[in-house]
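Asker: Provided below are the primary sequence and the corresponding predicted coordinates.
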Amino acid sequence: AFSYLDYLELVDWSGRAIRDDKAGAIADNLPPILARLGIEQHGWLDMINHYDQRFFRAVGAMDKLKQFAHQLGQCWMKGQSMGKCVYKQLLPT
């Protein structure tokens with residue numbers, strides 16, 4: 001058995017493998033999967049290990065949780081402070 005983080009790294013590594021029978025691959029110049037998603041590694045591990053204590057309906061960056069709460073007619077959504085810690089602000093590409 002291995003950790004969820006190890007699983008994500010395995011998926012990322014596998015996606016970078018170039019094979020003749022595969023349509024495409026993740027380019028070598030792209031950062032690892034958690035970095036591309038704007039997720040802090042240690043915060044991610046804490047979040048998934050304590051999901052039911054940190055979140056209720058949704059998981060995500062603080063601004064996205066606020067938008068979702070507004071769509072539901074709520075003022076706030078459980079998990080905003082954790083979302084702020086785990087999800088980095090991604091810069092537009």
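Answerer: Arrived safely, thanks for sending.
Asker: and stretch 31-39, what's buried?
Answerer: Buried residues in stretch 31-39, defined by neighbour count with 16 or more other CB atoms under 10 Å: 33, 34, 39. Quick note: C-beta positions are derived from backbone N, CA and C, even for glycine.
Asker: let me see the mean pLDDT of it.
Answerer: Averaging pLDDT along stretch 31-39 gives 79.
Asker: now do stretch 73-81
Answerer: For stretch 73-81, the mean per-residue pLDDT is 71.
Asker: coming back round to it: so which of the buried residues of stretch 31-39 belong to helices?
Answerer: Under the assignment DSSP state H, the buried residues of stretch 31-39 contribute 33, 34 to helices.
Asker: residue 52: which of the buried residues of stretch 31-39 is nearest?
Answerer: Of all the buried residues of stretch 31-39, residue 52 sits closest to residue 39, with 18.9 Å by CB to CB.
Asker: ok, now how distant is the closest one from residue 8?
Answerer: Between residue 39 and residue 8 the distance is 9 Å, computed by CB to CB, to the nearest Å.
Asker: and for residue 58?
Answerer: Separation of residue 58 from residue 8 (CB to CB): 20 Å.
Asker: outline the domain layout of the chain.
Answerer: 1-33, 37-93 (automatic domain parsing).
Asker: where among those domains is average confidence lowest?
Answerer: Mean pLDDT values for the domains of the chain show the minimum at domain 37-93, a mean of 71.
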